[in-house]
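>>> Sharing a model that was predicted from the sequence below.
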There are 2 protein chains.
Amino acid sequence: MEFTFKPIGIIDSCFKEKFGIPRQPGLATEARAILKVFPPFDQLEAFKGLEDFSHIWIIFVFHSGMRDNWKATVRPPRLGGNRRVGVFSTRSSFRPNPIGLSAVLLEKIIRERKETHLYLRGVDLLDGTPVLDIKPYLPYTDAISNACGGFAPNIPEARIPVDFSPEARAFCLEKEQSGYPGLTLLIEQLLMMDPRPAYYASTPQKSHFGMKVYDFNVLWKISEGSAFVTACDDAR
Amino acid sequence: MEFTFKPIGIIDSCFKEKFGIPRQPGLATEARAILKVFPPFDQLEAFKGLEDFSHIWIIFVFHSGMRDNWKATVRPPRLGGNRRVGVFSTRSSFRPNPIGLSAVLLEKIIRERKETHLYLRGVDLLDGTPVLDIKPYLPYTDAISNACGGFAPNIPEARIPVDFSPEARAFCLEKEQSGYPGLTLLIEQLLMMDPRPAYYASTPQKSHFGMKVYDFNVLWKISEGSAFVTACDDAR
């Protein structure tokens, strides 16, 4: 028994690489993406009524680092990366069928440059992610407020202070004027969650880090439990 | 671009046919199913920690009535079956990729008869449904209580009174003693939601209905806005 699916669209995301992506959706409200819908699914009629929903589900394929082999247990970052739980007890991307599920904010749906674009926020999606399906988020059945969340009962608590060098701040402000709204806040939201793998946090030899957000390199250092953005520049 | 997935398991459900299945999960708490996990995914280790979560997501294939063609708009039962909205604005099973998503209660995980079984409740899943993936329900990211639910903002309000003939009630009580716990309440929960298609509700010529629950036929009639279970019997 096998099922074959063709993507209905692809994600154009502010996240160009895995490092730095929030571990769940909704954690960084400024994290933006556009779902570009493929023909023949791109007719606006197919989305009629969807804009009345504030959130939608994205069912997607973990396309980066797809492996044929999977392991029965994984070490979720949430548990410090050193306790093993079953792969089905996690949202890990390394799973028998590499299917992902994210609830994101739907900002608008527009037709531009002969394509249908869904503007999304609060994403945890890598650029180029193939999307298999979208569905409206139905609070009456999807929002189970009394659910018990096992080893991840609430929002990760790690919140570190974030500051910018004057040059980095000026760079971000300038980009905000030219098509990258909320860039400063986005970087702040991402670094606040301390995206370093757990083993770095415990072995502080390495203190300088870099990630790519949109087409910009963001460089920061960690010292005394704070993040300091030293530089931002154009990656191109 | 195409992706092929093999199911990780199959659903053994109380729902043997489409008619009567709640339109969303969670609406009938007594609706039970077992996810039977296929090897090699059935090792208990792969589920370690999952029982600490009260709910899980089931990502499945709408296998019944799979069609190659899809329509840009559908008429959701929620809108009385006469208003068209975009297929992506609904949870309809007739969609470009027939993938379904349900949050259900996880009761227990056990190894029995050399198989790994996940006992589920509150399901809206047809018997024989192929399951592509399961994930823990994470309330901190999945339960968006302030989400706006478009044309389906809250639980469907239709709630009709349900009564049983003495024979039907006796039949259910007997079955409850022999492996079908909560059968009476399940039938009540299902009929309360008035599973008739909207066009029957407006054309009351047809007043007798039947559905299959587990391996039992349930017959009921509708009169003056109430459901009355006239008979239950073994379908075998």
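Looks like it arrived, so ask away. Please read these numbers as outputs of a predicted model, since none were measured by experiment.
>>> And A:Leu138, how far from A:Pro96?
27 Å (C-beta to C-beta, to the nearest Å). All C-beta atoms are positioned from the backbone trio N, CA, C, and that covers glycine.
>>> Mark out where each domain of chain A begins and ends.
Per automatic domain parsing, the domain ranges recorded for chain A read A:9-142, A:162-234.
>>> May I ask which helix or strand of chain A has the lowest mean pLDDT?
For chain A, counting by mean pLDDT, DSSP states H and E, helix A:198-202 ranks last in confidence among helices and strands (a mean of 65).
>>> does any part of the helix or strand hosting A:Asp12 sit near chain B?
Assessed by DSSP states H and E, A:Asp12 sits inside strand A:9-13. No. Residues of strand A:9-13 are not located near chain B by C-beta under 8 Å from any C-beta of the partner chain, the shortest gap being 8.6 Å.
>>> I'd say A:Pro76 and A:Gly150 touch.
No. The pair A:Pro76 and A:Gly150 does not pass the contact test of C-beta atoms under 8 Å, sitting 10.4 Å apart.
>>> Among the domains of chain A, show me which one is buried the most.
domain A:9-142 (a mean of 19; mean count of other C-beta atoms under 10 Å in any protein chain shown).
>>> how far does it sit from the chain's center?
Domain A:9-142 sits 7 Å away from the centroid of its parent chain (C-alpha atoms, centre = their mean, to the nearest Å).
>>> Then stretch A:163-182?
21 Å.
>>> Excluding its own residues, what touches that stretch? List them.
Residues from elsewhere that reach stretch A:163-182 (C-beta atoms under 8 Å, 6 or more residues apart in numbering or on different chains): A:30, A:32, A:183-184, A:187, A:214, A:216, A:218, A:226-233.
>>> at 10 Å what do you get?
A:14, A:28-32, A:121, A:183-189, A:191, A:213-216, A:218-220, A:226-234 (C-beta atoms under 10 Å, 6 or more residues apart in numbering or on different chains).
>>> Determine which residue lies closest to the centroid of chain A.
Taking C-alpha atoms, centre = their mean as the criterion, A:Asp124 is the residue nearest the geometric centre of chain A, at 1.3 Å.
>>> can you tell me which strand in chain A is longest?
Determined from DSSP state E, the single longest strand within chain A is strand A:99-112.
>>> so after the least confident helix or strand of chain A, what's the next helix or strand?
strand A:208-213.
>>> who's in contact with that next one?
A:13-21, A:31, A:127, A:172, A:175, A:180, A:183, A:186-187, A:190-191, A:194-196, A:200, A:217-223, A:227, A:230-232, A:235.
>>> What about these, which are in helices?
Among those, the members found in helices (DSSP state H) are A:172, A:175, A:183, A:186-187, A:190-191, A:200.
>>> Tell me where chain A has strands.
In order along the chain, chain A carries the following strands (DSSP E): A:3-5, A:9-13, A:32-37, A:55-61, A:73-74, A:85-86, A:99-112, A:115-121, A:130-136, A:162-164, A:208-213, A:216-223, A:226-234.
>>> Can you say which of those is nearest to B:Val162?
strand A:130-136 (29.5 Å; C-beta to C-beta).
>>> Paired strands for that closest one, with orientation please.
strand A:9-13 (antiparallel), strand A:55-61 (antiparallel) (DSSP bridges).
>>> Pass me the low-pLDDT residue ranges in chain A, would you?
Within chain A, the segments meeting pLDDT under 70 span A:198-204.
>>> How about A:Glu188: what's its closest non-neighbour residue?
Sequence neighbours aside, A:Val162 is the residue nearest to A:Glu188 in space, at 4.8 Å (criterion: C-beta to C-beta, 6 or more residues apart in numbering or on different chains).
>>> quick one: that neighbour from A:Leu190, how far?
Distance, A:Val162 to A:Leu190, by C-beta to C-beta: 9 Å.
>>> and for the two, which residues touch both?
A:220, A:227.
>>> quick one, what contacts the residue lying closest to A:Gln43 once chain neighbours are set aside?
Counting by C-beta to C-beta, 6+ apart, A:Gln43 lies nearest to B:Ala72, which is 5.3 Å off, once chain neighbours are set aside. With contacts defined as C-beta under 10 Å, 6+ apart, B:Ala72 is in contact with A:40-41, A:43-48, B:84, B:86-88, B:96.
>>> now, which of the residues you listed sits nearest B:Ser54?
Minimum distance to B:Ser54 across those is 29.4 Å, recorded for B:Phe88 (C-beta to C-beta).
>>> Check whether the closest one really touches A:Ile59, as I assumed.
No. Taking C-beta atoms under 10 Å as the definition, B:Phe88 is not a contact partner of A:Ile59, at 11.4 Å.
>>> intersection of neighbour lists for the two?
Among the neighbours of B:Phe88, those also in contact with A:Ile59 (C-beta under 10 Å, 6+ apart) are A:8, A:133-135.
>>> rewinding a little: make CSV from the strands paired with strand A:130-136 and add distance to A:Glu115 to it.
Formatted as CSV, the strands paired with strand A:130-136 follow (distance: least, C-beta to C-beta, whole Å):
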stretch, distance to A:Glu115
strand A:9-13, 9
strand A:55-61, 17
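>>> right, so of these, which gets closest to B:Val104?
Of the strands paired with strand A:130-136, nearest to B:Val104 by C-beta to C-beta is strand A:55-61, at 15.5 Å.
>>> list residues touching both of A:Pro76 and A:Gly150?
Joint contacts of A:Pro76 and A:Gly150 (C-beta under 10 Å, 6+ apart) are A:85, A:89-90, B:49.
>>> Contacts only, for A:Lys135.
A:Lys135 neighbours (C-beta under 10 Å, 6+ apart): A:50, A:53, A:56-59, A:101, A:103, A:142, B:88-92, B:95, B:99-101.
>>> same check, this time on A:Gly86
A:71-74, A:92, B:43-51, B:109, B:136.
>>> Now with 8 Å, please.
A:Gly86 makes contact with A:72-74, B:44-50 under the criterion C-beta under 8 Å, 6+ apart.
>>> ditto for A:Ile110
A:116-117, A:119.
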